[in-house]
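Visitor: Take this sequence and fold it.
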Amino acid sequence: MNTLMIILAIIDILVCIGLILLVVFQEGHSKGLGAIGGGAETFFGKSKGRGMDAMLKKLTTVAAVVFAILTIVLYLMTGRG
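Guide: Numbering: from 1, shown residues only. The predicted structure is shown next:
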């Protein structure tokens, strides 16, 4: 059981880091750090930029749900819940 908790904790940390990166790379209203991902609107056209932003939003939602579930499972496995 202890090995499973360690594996789940590592996966939880990796999902957390991925979630942070997904949020940082999203294009905001003021184009804050979303510009790090490249000039999608200038080189590939506007539709490609919107498609990438929609994909990032979906991936962020999935990562957030996976992170929440893993965190709750880890909490319950430690015997605190």
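Visitor: Helix or strand: which one has residue 57?
Guide: Counting by DSSP states H and E, the element that carries residue 57 is helix 46-77.
Visitor: For that helix, buried residues please.
Guide: Neighbour-count burial for helix 46-77, with 16 or more other C-beta atoms under 10 Å as criterion, is recorded at 49, 52, 53, 56, 60, 63, 66, 67, 70, 74. Yep, even glycine has a C-beta here, placed from its N, CA and C like the rest.
Visitor: Which residue, other than its chain neighbours, is closest to the fifth one?
Guide: Excluding its sequence neighbours, the residue lying closest to residue 60 (C-beta to C-beta, 6 or more residues apart in numbering) is residue 22, at 4.5 Å.
Visitor: list the contacts for that neighbour?
Guide: 56, 59, 60, 63 (C-beta atoms under 8 Å, 6 or more residues apart in numbering).
Visitor: quick revisit: go through the buried residues of helix 46-77 and name the one nearest residue 1.
Guide: residue 74 (11.9 Å; C-beta to C-beta).
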